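Asks: Fold the stuff below for me.
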Amino acid sequence: MRVTFAFSALLGVACAAVASPPGRVIVLGFDGADAALTEKLLAEGKLPHLAALASKGGYARLTPTVPAQTPVSWATFTTGRDPGGTQIFDFLRRDPQTYMPTFAVAEERKAKFLLGTANRPAVTAAFVLAGLLLAYWLARRLRRRRPWLHALPVAVV
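Replies: Below you'll find the predicted structure:
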């Protein structure tokens, strides 16, 4: 049975020594690692760096989710919601209409791109307005008598 655990170190004392704001937390999560084996290796002195972190901060086992699978566990860990709340129960999920499997953590779909065909008029208008404002600002900066007249060629182009 795989047990997912997190090795966490609260570095408040170390952070205060270097004048950093207190209360920062570093969480090291080892997906699929056996907590019992890790604790045995820590006790034998075979993981000195992890032992040093544990002595400065903390070490805790996390109870695995049901089902104990990677996407379910990490979604629960990062959101604080159970699998019913995240709607992630497996690596895959099935479309109820077609029963086709898809990836559970992300959804593939087509989205309108910023400079897509539907956005061209708005983007063009924004660039023209930005050009006019820049030309007007530059003309005023150069102390022209009628700055709006110098900005007019930008609007024509």
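
Asks: what's the longest helix in the protein?
Replies: The helix spanning the most residues in the chain, taking DSSP state H as the definition, is helix 120-141.

Asks: now for that one, which elements pack on it?
Replies: The criterion is 3 or more Cβ pairs under 8 Å, 6 or more residues apart in numbering; DSSP states H and E, and the helices and strands that helix 120-141 contacts are helix 147-156. Where you see a C-beta, it was placed from the backbone N, CA and C, and this is true even at glycine.

Asks: Just the buried positions in the longest helix of the chain, please.
Replies: Neighbour-count burial for helix 120-141, counted by 16 or more other Cβ atoms under 10 Å, picks out 135-136, 139.

Asks: and what of stretch 45-61?
Replies: Judged by neighbour count (16+ other Cβ under 10 Å), stretch 45-61 contains these buried residues: 47, 50, 53-54, 57, 59.

Asks: any chance you could map the helices in the protein?
Replies: Chain-ordered helices for the chain, with DSSP H as the definition, fall at 12-17, 35-43, 48-56, 70-79, 83-86, 120-141, 147-156.

Asks: re the thing from before, just give me the closest of the buried residues of helix 120-141 to residue 124.
Replies: Nearest to residue 124 among these: residue 135, at 16.4 Å, using Cβ to Cβ.

Asks: Can you give me the distance of the closest one to residue 125?
Replies: For residue 135, the distance to residue 125 under the criterion Cβ to Cβ, to the nearest Å works out to 16 Å.

Asks: re the thing from before, turn the buried residues of stretch 45-61 into TSV, columns for distance to residue 75 and pLDDT.
Replies: What follows is the buried residues of stretch 45-61, written out as TSV (distance: Cβ to Cβ, whole Å; pLDDT from 0 to 100):
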residue	distance to residue 75	pLDDT
47	28	92
50	25	89
53	25	87
54	26	86
57	25	79
59	23	81
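
Asks: Is it possible to get a markdown table of the buried residues of helix 120-141 that adds distance to residue 38 and pLDDT?
Replies: As requested, the buried residues of helix 120-141 are arranged in a markdown table below (distance: Cβ to Cβ, whole Å; pLDDT from 0 to 100):
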| residue | distance to residue 38 | pLDDT |
| --- | --- | --- |
| 135 | 65 | 75 |
| 136 | 66 | 75 |
| 139 | 69 | 72 |
